[in-house]
Structures are given as C-alpha cells and as structure tokens.
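# Compute the structure for the input listed below.
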Amino acid sequence: MPMTDNSERQKIEAAAGRLLAGKPLRSTGELTVVQLAAEAGLKRWKLTHQHTDLMHSFQAAARQLNGESPLITSWRTRAAELEESNRQLRARNEELEATVQTYAEVIADLSAVINQPADRGLASVVPIR
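Just a heads-up that it's a prediction; the model follows:
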C-alpha cells in the first residue's frame, strides 16, 4: 500500500522536530537533509523532489540553530569539559613530578651525608634500612 502524501509530510515534520530538539531516533542527529530523510524513514529524493517546502523550512530552522543539533552541542560541551579536566590533571602531574624530583634530591643529599666518614662528627647518624 503506497504511503499517502499527507502521511509522508507528517513523518517529515515529526522527524524535523526530533532532529531540531536533539532527540533523533533513526539518524545521527546531524541537521542535514540526508539525516532528515533517514529520521523520517524516507528516501532523500522524496524531500528534494516532492516535499521541497518541508526541506527548505527544515534547512532554515537548522541555520537558525547555527547548523548544529542540540545533540552535537552537548557533545561539544562534554568534550570541552574533558579537555579542561585533562589540562588540570596534566598540571597536577607536573606538580607531583617536581615534588618527587625534590624528594629524590633530598634523599641523595642525606645519603651522601650519612655515608661520609665518622670523623666529620656524624658518627651518631644511623642509616635507615
């Protein structure tokens, strides 16, 4: 049974609404005509040849969102948060490496003092084993 023109239009409108809201069911969530067709469960040519008014209104709405789905916007936000967290962890790691280096130098200096001859007045210093 062929799909009626009205039924196709309803599917396209519902799909456009989901994509613009960032809640895709059958597509990647990108705001493109190809993904609109996939979301509506229709062939792309149905949009580009039969329902051009819906295609153009979807493209205009997508441009108003700066061409980015809310779904992708949330991914970009998460990526930015992870990059900041990574930057903080790297800075902390550098601090800890500097601390470890300082401890290594102190241990080396103390070892040198402990291993000096007893005539230097350090006879009472006992090495820790």
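# how's the protein carved up into domains?
With domains defined by automatic domain parsing, the chain comprises 5-64, 70-115.
# Would you mind finding the most buried of these?
Stretch with highest mean neighbour count among the domains of the chain: domain 5-64 (a mean of 17; mean count of other C-beta atoms under 10 Å). Placement of C-beta: from N, CA and C, glycine included.
# now that domain: how far from the chain's centre is it?
26 Å (C-alpha atoms, centre = their mean, to the nearest Å).
# In this protein, spot the helix with the most residues.
The longest helix of the chain (DSSP state H) is helix 70-114.
# chain center to that one: distance?
21 Å.
# Let's test this: mean pLDDT of it, rounded?
Averaging pLDDT along helix 70-114 yields 93.
# Relative to Gln88, how far out is the residue nearest the centre of the chain?
Taking C-alpha atoms, centre = their mean, the centroid of the chain lies closest to Ala79, which sits 2.5 Å from it. To Gln88, Ala79 is 15 Å away according to C-beta to C-beta, to the nearest Å.
# ok, now which ones touch the residue lying closest to Arg26 once chain neighbours are set aside?
Nearest residue to Arg26, sequence neighbours excluded (C-beta to C-beta, 6 or more residues apart in numbering): Glu39, at 5.2 Å. If a contact means C-beta atoms under 8 Å, 6 or more residues apart in numbering, then Glu39 has 15-16, 18-19, 24-27 as its contacts.
# same thing but 10 Å
11-12, 14-19, 24-30 (C-beta atoms under 10 Å, 6 or more residues apart in numbering).
# need the contact list for Arg9.
Shown in contact with Arg9 (C-beta under 10 Å, 6+ apart): 40, 46, 50-51, 53-54.
# Next, the angle from the host helix or strand of Ala14 to helix 70-114.
Counting by DSSP states H and E, the element that carries Ala14 is helix 5-21. Angle between the axes of helix 5-21 and helix 70-114 is 30 degrees (criterion: axes from the mean of the first three to the mean of the last three C-alpha atoms, to 10 degrees).
# quick one: average pLDDT of the following helix or strand past helix 5-21?
Next along the chain after helix 5-21, taking DSSP H and E as the criterion, comes helix 33-40. If you average the pLDDT over helix 33-40, you get 94.
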